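Peer 1: Return atomic coordinates for the entry below.
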Amino acid sequence: MKERPGLPPHPLSRPRRAGRGRVGNYLLLVFVFSLLIPHPARAAQVVSASPVYEYKGGETLKTDTTWKGTIAIDGVVFVPEGVALTIEPGTTVRFNKSSIAYKDEAEKADPDAEVLIPGSGIKVEGKIIAAGKKEVPITFTSASKKPAPGDWGCIFLDHSKGSIFKYCRFEYSAYTIHAHFSQFEVSRCTITHNEDGSRLGLSRVSYDHCDITDNTGKGLNFRQCKNTVRLCNITGNRDGIFLNEKDDACVIEQNNILGNKGMDLRLGEFHTTDITLKDNWWGTPDLAEIAKHVYDKKDDPAIGKAVITPAAAPILDAGADALAVKVKWKFKTGAYVDCNPAISGGVAYFGSWDKNFYAVKADTGELIWKFATGDCVDSSPAVMDGKVYFGSWDRNIYCLGAKSGKLIWKYQMPPSNFDDHRQSSPAVCGKSSLGWPAMVIIGGFNGIVYAVDAETGKKVWEFQTGGSIRNRPLVSPSRVDAVIGGKRPSVYIGSSDGFFYVLEIKSGNLYWKFKAGGPIKSSPVPSSPVLVEPNSIYFGSVDGYLYHFFEVNEGGDDVSAYYIGNRIEYSSPLIVNDLVIIGDCGGILYAADRETGKKAWSFTGQGGIYSSPCLAGGKVVYGDNAGVIYWLDPKTGCLEGVFKAGDAVQGISAVKNGAVYAGSRDGYLYCLEIEE
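Peer 2: Sure, this is the predicted structure:
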């Protein structure tokens, strides 16, 4: 490698090896013949701390070695070519302060040669597999009682391939990971309070979902690399990313790069080529503002230009702690998918604006059957006794065989007087010994609540409201043979006329009604799955209030209203322990104490919320009109994961194993899972 006049030797230059000569050829023959002689297998070594295993000064691992527990290093540990060092989850590697300045053997005598490991560290020519877990990460840290950046040197990879660092924490080092001519992966790692977060030369490295923060030097420092940096948070460093020379082949996208003390991006004096960076969030989409924190050709005409196409908003799924959301499968329809899919018996049932209703295998997305209706289908289906029920914009309520998809019956509602096509979704209740059949209860465009015999499709009763009905009725208690406190089970439903109605289930006669401050499109939800008195019911209104009342009060006077602040359209409440959670059109998911209405937390996403939150794998999950699906901690409202669909997400369901089924206006039904 040619050196520039007047500069110290290039740190990546290596001395040329001398020829072997006759003696060298003889030794080579001896070596080749030795390969033909059987040798006993080299035993791997497991190093287990009890309580601490210590390495002192220049030790070399002679066999594959596994570390677990606490490992103390004073000096440099060598992992030679052909040897693998495996570090188990939960291991802590502590490095003592050391005055050692490790250099390449051929350059030890050169005072200007690069220090490869400035202190205690690990040199890897074989490979290192440090794969922690989210709950039990691996930690590389200082042994000092008062740790500080630069306490230990680094992990130096030299001509190494195949190393992995996953769920690791690196702190208080000089260079963190230093590499020459190497290929490896860094994912789900936290790199903080070091001097430099990396020093990489002529390498090919992948950084994925990492937090590279609060390092006193450079967060990432590359020279002549072809690295990939995706979904990382790079903030609080002196400089975020430093590209020294010929790093234009690097792919740096979908990161949050902002709030660094010097520059968010700096090109070095030898970086004469332009580099393109797409879809990163720089704290603003304003290119003029971004340019203030980028050092490139505008600051030094001799260097290249950073060509930036910024993201429009923060990258929500960046960072080490973000849940890894994967698409298990997706099923393409011909138009919007807005309903909440029904998952029953290993089948996902849902409709589309392409006028079809679908049944697909819940585990694979394979089509089982589809049924054509006369218009769009955005009604969320209900499944009972081997039948699936839903409504269509053609004003029919359909009953299909859940296995066959064959039509059993359909009931047509009269035309609507309202300029409104988004209909209600059905609720179902079983046959009762108290005198009524199994029924499908649904609201119509025309403001009428219909109860239809679930077996025959014949109308049992109807009730007229003053406005179109968009929400799913609630039938309580779900045990329809019960009579509680002398009162038979009830049907609860809201209307666009602003009234919330409570109807007698057998006849459809009005028990009582309550006037909210605006149309009610949010479906009512009980405070427990089996609603028995006394109990609470919650629903939202376009007036911006979350309403809470007790079923036991027949007059509907015992009502509490909690002001959310924005319109609540189709989002229905979710009850999680002591909280009630609901979304509004302003894009805010709001959690309140279910008894007092006092705000517990709120989370603001990127779009208005028309979907209803659900609980999946212990997380609150919902979608918004920006096409983003969010996973939140139910206790704190903290964001833990996201998935970006191609368009608005207004329907979402979850099953017990944590899988999420979400429809999108990009025409797909998605099955999403969290990778362990």
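Peer 1: Using just helix, strand and coil, how would you label residue 289?
Peer 2: helix (DSSP: H, G, I helix; E, B strand; the rest coil).
Peer 1: State the pLDDT value of it.
Peer 2: For residue 289, the pLDDT comes out at 96.
Peer 1: Tell me where the model's unsure across the stretch 501-650 of the chain.
Peer 2: 529-535, 551-557 (pLDDT under 70).
Peer 1: Can you give me the first-to-last residue distance of stretch 345-357?
Peer 2: Using C-alpha to C-alpha, to the nearest Å, the end-to-end distance of stretch 345-357 comes out at 17 Å.
Peer 1: do the same with stretch 574-584
Peer 2: End-to-end distance (C-alpha to C-alpha), stretch 574-584: 13 Å.
Peer 1: Any buried residues in that stretch, and which?
Peer 2: 574-576, 579-584 (16 or more other C-beta atoms under 10 Å). All C-beta atoms are positioned from the backbone trio N, CA, C, and that covers glycine.
Peer 1: same check, this time on stretch 250-266
Peer 2: Buried residues in stretch 250-266 (16+ other C-beta under 10 Å): 250, 252-260, 263-266.
Peer 1: what two of these are the furthest from one another?
Peer 2: Taking C-beta to C-beta, the two most distant members of these are 250 and 259; they sit 21.3 Å apart.
Peer 1: follow-up on the earlier one: looking at the buried residues of stretch 574-584, which are in strands?
Peer 2: Cross-referencing these against strands under DSSP state E gives 574-576, 579-583.
Peer 1: Kindly check the end-to-end length of stretch 87-101 for me.
Peer 2: Using C-alpha to C-alpha, the two ends of stretch 87-101 sit 25 Å apart.
Peer 1: Going by neighbour count, list what's buried in that stretch.
Peer 2: For stretch 87-101, the neighbour count (16+ other C-beta under 10 Å) marks 87-89, 91-98, 100 as buried.
Peer 1: Touching that stretch from outside, list them.
Peer 2: For stretch 87-101, contacts defined as C-beta atoms under 8 Å, 6 or more residues apart in numbering pick out 66-76, 115, 117-121, 128-133, 136-144, 151-153, 167, 173.
Peer 1: what about it, distance to the chain center?
Peer 2: 32 Å (C-alpha atoms, centre = their mean, to the nearest Å).
Peer 1: what packs against the helix or strand hosting residue 177?
Peer 2: Per DSSP states H and E, residue 177 falls inside strand 173-180. For strand 173-180, the packing partners by 3 or more C-beta pairs under 8 Å, 6 or more residues apart in numbering; DSSP states H and E come out as strand 152-158, strand 199-201.
Peer 1: Looking at those strands, which one is packed in the most?
Peer 2: Stretch with highest mean neighbour count among the helices and strands packed on strand 173-180: strand 152-158 (a mean of 27; mean count of other C-beta atoms under 10 Å).
Peer 1: So what are the sheet partners of it and their directions?
Peer 2: strand 121-124 (parallel), strand 173-180 (parallel) (DSSP bridges).
Peer 1: out of everything not next to it in sequence, what's closest to residue 314?
Peer 2: Leaving out its chain neighbours, the residue that sits closest to residue 314 by C-beta to C-beta, 6 or more residues apart in numbering is residue 281, at 4.8 Å.
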